[in-house]
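Chemist: would you be able to build a 3D model of this:
(one chain, ligands or ions: 1)
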Amino acid sequence: MTPRGEPYIPPLKRINYRSDLRIIKKAPPSEKRRIYGRRLGRPLNPARQKAIDELLPRLSYLEEVLQHSTPFDPRTDFSPTTEKLICEIGFGDGDHLAGMMHQYDDKTAFIGAEPYINGMSAFLKQLQEENLDQRRIKVWMDDAIRLLEKFTDHCLDAIYVLNPDPWPKARHHKRRIISQENLDLFARLLKPGADLIMTTDVDDLAAWMVTEASNHPDFLWTAKSRLDWRELPKDWIKTKYELKGKAAGRQQTYLLFKRH
Ligand SMILES: C[S@@+](CC[C@H](N)C(=O)[O-])C[C@H]1O[C@@H](n2cnc3c(N)ncnc32)[C@H](O)[C@@H]1O
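Modeler: Alright, predicted model coming up:
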């Protein structure tokens, strides 16, 4: 922890990563503070390092996309037969993202953002081990918002934000990923009728996310009764994080919103 009580983020140069790849680099000081959680954890085992070395250069957006002066359509990176594009923000180890790749047919493509290298490597290893179609996925190992800001309007069919960091202290609430500013961005990117799916097992954060999204003019909460946010949505893919929370007695809230 830093003297100000914030998590210490080690310098990125400690990453064992080929220096000619400019996918991860030090963000300019003005942008650096947008990621508040961990980006590095325990050293990667050889299989995870291999997954990073082999797949990240191929599947990641390049930092250069942030320099685009005009927005770009992320659908152009996928096969022309792609009909749906789903984005998962903060996918952790990627259990849910990989699960969706199994669940949906090849007409659906995915974008996953996760700044934590241990999470990214776990997901990429899973892609290799489970032989998932790498043409259906693009990843981003940084703040999702920096990337999403560059996309054209109405390009996404769904955004998943599962168990985002709760930032429980009131003075840190402005760090929460669900905010009016980010909801404006999500509303711009989602097609009319598209889904915004959020979960948490922290009751205070659940109340925060319901309030923020319900107060936003472009989102409609689909819940009709209490069961709708306590019961597992149909075909739900549980993450290890969710299972651990349940084992510890915490209850998951499932918040399903539609973009008007
Ligand atoms: C509590 S974990 C939940 C992981 C996963 N969604 C799950 O449910 O198992 C929250 C994740 O969000 C990621 N995260 C935090 N800020 C982010 C941001 N601005 N963009 C993308 N991911 C972010 C963190 O690195 C962390 O892995």
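
Chemist: could you list the contact residues of the stretch 101-250 of the chain toward the ligand?
Modeler: 113-116, 119, 143-145, 162-165, 177, 239, 241-242 (Cβ under 6 Å from any ligand atom). The way it works is simple: take the backbone N, C-alpha and C, and place the C-beta from them, glycine included.

Chemist: dump the residue contacts of the nearest residue to residue 108 once chain neighbours are set aside.
Modeler: Spatially, and ignoring its direct neighbours in sequence, residue 108 is nearest to residue 84 (4.3 Å; Cβ to Cβ, 6 or more residues apart in numbering). Each residue near residue 84 by Cβ atoms under 8 Å, 6 or more residues apart in numbering is listed here: 104, 107, 108, 109, 157, 158.

Chemist: in strands, which of those fall?
Modeler: Assigned to strands by DSSP state E, the following of the contacts of residue 84 qualify: 108, 109, 157, 158.

Chemist: which one of those is nearest to residue 208?
Modeler: residue 158 (21.0 Å; Cβ to Cβ).

Chemist: pretty sure the closest one contacts residue 198?
Modeler: No - with contact defined as Cβ atoms under 8 Å, residue 158 does not count as touching residue 198 (11.3 Å).

Chemist: mind checking which of these two has more residues around it?
Modeler: Legend: neighbour count by other Cβ atoms under 10 Å for residue 158 and residue 198, higher for residue 198 (24 against 19).

Chemist: from the ligand, how far off is the spatially most central residue of the chain?
Modeler: By Cα atoms, centre = their mean, the chain has its centre lying nearest to residue 89, at 1.2 Å. For residue 89, the distance to the ligand (Cβ to the nearest ligand atom, to the nearest Å) stands at 5 Å.

Chemist: now for that residue: which residues touch it?
Modeler: Taking Cβ under 8 Å, 6+ apart, one finds 113, 144, 159, 160, 161, 164, 177 in contact with residue 89.

Chemist: name the element the fifth one belongs to?
Modeler: When elements are defined using DSSP states H and E, residue 161 is found to belong to strand 156-162.

Chemist: given that strand, what are its sheet partners and their directions?
Modeler: Strand 156-162 has the following strand partners under DSSP bridges: strand 84-89 (parallel), strand 190-200 (parallel).

Chemist: out of those, flag the one nearest residue 125.
Modeler: Closest approach to residue 125 among those (Cβ to Cβ): strand 84-89, 17.0 Å.

Chemist: how far does that closest one sit from its chain's centre?
Modeler: Here strand 84-89 is found 9 Å from its chain centre; the criterion is Cα atoms, centre = their mean, to the nearest Å.

Chemist: equivalent analysis for stretch 138-149, please.
Modeler: With Cα atoms, centre = their mean, you get 8 Å for stretch 138-149.

Chemist: show the average pLDDT along it.
Modeler: The average pLDDT for stretch 138-149 rounds to 97.

Chemist: other residues contacting it?
Modeler: With Cβ under 8 Å, 6+ apart, stretch 138-149 has contacts from 23-24, 27, 31, 34-35, 56, 59-61, 65-66, 74, 77-78, 87, 89-90, 109-115, 117, 120, 123-124, 177, 182, 185-186, 189.

Chemist: what subset of these is buried?
Modeler: Those of the contacts of stretch 138-149 that meet the buried threshold are 23-24, 27, 35, 56, 59-61, 74, 78, 87, 89-90, 109-115, 117, 120, 123-124, 177, 182, 185-186, 189, by 16 or more other Cβ atoms under 10 Å.
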